[in-house]
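> curious how this folds, go ahead:
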Amino acid sequence: MCGRGEIGRRSRLKICLSYDNAGSSPAVRTIALILLMGLAGCSGASHRAASSDVLVRLADDDIKGLDPQRVSDLASLRVAADQFEGLTRFDAQGVAEPGLAARWQVNADGLVWRFRLRPHLIFSDGVAIKPQSIIAVWDRLRAPSTLAPNKSLFAPIANIQASADGVVVRLRHPFPALPALLAHPALAALPLYRQNWSRERPLVTSGAYRLTSWALNDHLTLARNPAWHDGAAPIPEVRWQPASDPLSALRLFQAGSADTTSDFPSSRMQSLQKSLPSAVHVAPYNGSYYFVFNTRKRPFQDARVRRALNIAVDREWITSRLLKLGNLPAWGVVPPSVANGSSFRPEWASRPLTSRTAEARALLASAGYGPHHPLRFDIRFNSDPDHRRVAVALAAMWKPLGVEAGLLNAESALHFAALRDGDFDLARSGWIGDVAVPENYLGIYRRDAGTANYSGHRNPVYDTALDRALRISDPARRAVALRDVEMVLDRDTPVLPLYYYVSKSLVSPRVGGWHDNPGNIHPSSTLYFK
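Next comes the predicted model:
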């Protein structure tokens, strides 16, 4: 059994490190401390040799549920996408393509989309999939009793109505990424006509696979759906296994007990590139890594303090010297792959670090902090070697400013509960987009974003600018307006962006059809055995 320590236990470390701005590298003892903080782990997943006709995939956590309208974690949604198909779906490149719909048309104003269903669609039990099947799913998604965690994701949709040969989707404002949104499993065809359908075995599904068994915390097995409109999936059976610890996932893969992993330890990157070069897949990912300031209370109610810490960070060192994975430094929250290849970069980012440090020192002094009144706060992060290394580096970078930052470490569930409750000073966070559009990354800083707005950011100017941008249908003008929204966010500084994510996967040489893409989307139905 793998122990994770006492539940709720938090470790607090006082940082007594130095950071040499002139040399743009931490002191030797900083690096030594970071290197000593590597963690090993274990997993409860069983070690099984990969079968010749079974694809074994390691998820980063156990599946939380089988109803795609009642889960929001990535592991559960990946399993749902293997089983349930909507009007659209994702191909091997992570691009939305026709699913249950054969084609679609959109009006000139971008507000009305018409989807024509394929003929003779059926669920795996033989019941016909009709336009009303999609309407029923839409109605259930909006129903308060469903408690759908991803309900707000579909806010651009005003209504969905049946037509003679399909459905008509009407939008509240132009949303060019609607095909990608409709590929989300929460709006896939579900067998709602069956009572307690999610408890049945095999599960009745509309996609390439259907669940045949599920052993909680061990594995979940999917078999081909014989009624899938696209014919038999290339691989007969898929087994998903939880492996929450990247090192455990690596060991399973090296033992030949898994075909794909969703992560591996960053510290093993160089050795893996030498020992398993064809298996290593690292690619740009539609995700931003950052820390959030709690703007509701001191010391981060003061925008001068937030800006001072933000401009004093050496992001290039973190990405090139600390992580060494190819992450791009970030000064904004929208990844380049989502922003037409060009990420936000404020004016101050091009200035020398020495100049920015001088401004940071002046800002802190104007806010009342200095040698006789040092700025003190805690950096909160969830358990992970990379999170700890980054937190240590930040504290070391700020120490020359007279900042005394402590470290607060907690298990992930407790960490994010604290963020939702506003129980933090500065906390590790990040965002991997549900849909690859800028507003998905910017919307969580609205006043009405709820608990997702961890920082407590409130600025009516920001909200108005975002609303104005979303009403623009022309793609070029819309992109410019959304970039202006990100500029407002930079001025307010409720968030400390550090870098953009990369996806890290290991793929067995016997598996074909794997294509690295920014969404890190790899449906099992697109894979095959060589």
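> need the longest helix for this protein.
helix 475-492 (DSSP state H).
> what segments of the stretch 1-150 of the chain are strands?
11-14, 19-20, 25-26, 54-59, 88-90, 96-98, 101-106, 112-117 (DSSP state E, counting those that start in this stretch).
> partner strands of the last one, with direction?
Strand 112-117 has these partner strands in its sheet, going by DSSP bridges: strand 101-106 (antiparallel), strand 166-171 (antiparallel).
> which residues are in contact with the first one?
Taking contacts as CB atoms under 8 Å, 6 or more residues apart in numbering, the residues outside strand 101-106 that touch it are 87-88, 98, 112-118, 166, 178-179. The way it works is simple: take the backbone N, C-alpha and C, and place the C-beta from them, glycine included.
> over to the last one?
Defining contact as CB under 8 Å, 6+ apart, one finds that strand 166-171 is touched by 87, 101, 110-117, 131, 134-135, 156-162, 178, 182.
> mind running it again at 10 Å?
With CB atoms under 10 Å, 6 or more residues apart in numbering as the test, strand 166-171 has contacts from 87, 100-104, 106-107, 109-118, 130-135, 138, 155-162, 175, 178, 181-182, 187.
> return the members of these classed as buried.
Among these, those buried by neighbour count (16 or more other CB atoms under 10 Å) are 87, 100-102, 104, 106, 110-111, 113-117, 131, 133-134, 138, 156-157, 160, 175, 178, 181-182, 187.
> and P475, what's its pLDDT?
P475 carries a pLDDT score of 89 in this model.
> show me what contacts it?
110, 174, 176, 340.
> so how many other residues sit close to the closest residue to V507 other than its chain neighbours?
By the measure of CB to CB, 6 or more residues apart in numbering, the closest residue to V507 outside its immediate chain neighbours is W514, 4.9 Å from it. Using other CB atoms under 10 Å, W514 has 17 neighbouring residues.
> and W514, how far from T260?
Plainly put, W514 is 8 Å away from T260 if you go by CB to CB, to the nearest Å.
> need the residues touching each of those two.
Here W514 and T260 have 281, 505, 507-508, 522, 527 as joint contacts, going by CB under 10 Å, 6+ apart.
> now secondary structure and distance to T295 too, for those residues, in TSV please.
What follows is those, written out as TSV (DSSP: H, G, I helix; E, B strand; the rest coil; distance: CB to CB, whole Å):
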residue	secondary structure	distance to T295
H281	strand	38
S505	strand	36
V507	strand	42
S508	coil	46
H522	coil	38
L527	coil	44
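> the residue positioned nearest the centre of the chain pairs with what?
Nearest residue to the geometric centre of the chain (CA atoms, centre = their mean): I432, 2.4 Å. I432 has these beta-bridge partners by DSSP bridges: G287.
> hmm, it is touching Y290, no?
No - contact criterion CB atoms under 10 Å: I432 and Y290 do not qualify, at 11.9 Å.
> low-confidence stretches in the stretch 401-530 of the chain?
Per-residue confidence for the stretch 401-530 of the chain (pLDDT under 70) gives no ranges below the cut-off.
> measure D62 to L220 for me?
Taken as CB to CB, the span from D62 to L220 is 9 Å.
> quick one: which of these two has more around it?
More neighbours surround L220 than the other of D62 and L220, with 24 against 20 (other CB under 10 Å).
> which parts of the stretch 351-500 of the chain are strands?
Using DSSP E, counting those that start in this stretch, strands in the stretch 351-500 of the chain cover 375-382, 403-410, 426-432, 495-507.
> now the first one: average pLDDT?
Summarised as a single mean, pLDDT over strand 375-382 is 97.
> which elements pack onto that strand?
Secondary-structure packing of strand 375-382 (3 or more CB pairs under 10 Å, 6 or more residues apart in numbering; DSSP states H and E): strand 11-14, strand 280-293, helix 303-311, helix 385-398, strand 403-410, helix 412-421, strand 426-432.
> adding distance to P329, write these out as TSV.
Converted to TSV, the helices and strands packed on strand 375-382 look like this (distance: least, CB to CB, whole Å):
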stretch	distance to P329
strand 11-14	26
strand 280-293	10
helix 303-311	13
helix 385-398	13
strand 403-410	21
helix 412-421	24
strand 426-432	15
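> what about the stretch 51-200 of the chain, any weak spots by pLDDT?
51.
> quick one, helices of it?
Assigned by DSSP state H, counting those that start in this stretch, the helices in the stretch 51-200 of the chain fall at 74-83, 131-142, 178-182.
> sort out which residues of the first one are buried, please.
It stands for helix 74-83. 75-83.
> just to revisit the earlier point, joint contacts of D62 and L220?
75-76, 240-242.
> identify, from those residues, the entry nearest to A469.
Using CB to CB, the shortest approach to A469 within these belongs to S76, at 31.7 Å.
> I'd say the closest one and Q69 touch.
No - S76 is beyond contact range of Q69, at 11.1 Å (criterion: CB under 10 Å).
> any shared contact partners between those two?
With CB under 10 Å, 6+ apart, S76 and Q69 have common neighbours P185.
> so P176 sits against L482, correct?
No - counting by CB under 10 Å, P176 does not reach L482; the two are 12.0 Å apart.
> when those two are compared, which one has more neighbours?
Each of P176 and L482 has its neighbours counted (other CB under 10 Å); L482 has more, 25 against 12.
> nearest spatial neighbour of that one, chain-adjacent residues omitted?
P438 (4.4 Å).
> give the contact list for that neighbour.
P438 touches 177, 332-335, 338-340, 344, 466, 469-470, 478-479, 481-483, 485-486, counting by CB under 10 Å, 6+ apart.
> buried among those? Make that a PyMOL selection.
Only the buried entries of these go into this PyMOL selection, using 16+ other CB under 10 Å:
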select buried, resi 177+332+333+334+335+338+339+344+466+469+470+478+479+481+482+483+485+486
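> for S244, report the pLDDT, please.
For S244, the predicted pLDDT is 84.
> gap between it and V502?
19 Å.
> now swap in A96 and tell me
Counting by CB to CB - A96 and V502 are separated by 22 Å.
> make TSV out of the contacts of strand 101-106 and add distance to D378.
As requested, the contacts of strand 101-106 are exported to TSV (distance: CB to CB, whole Å):
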residue	distance to D378
L87	47
T88	44
P98	50
V112	51
W113	48
R114	53
F115	50
R116	56
L117	54
R118	55
G166	54
L178	42
P179	43
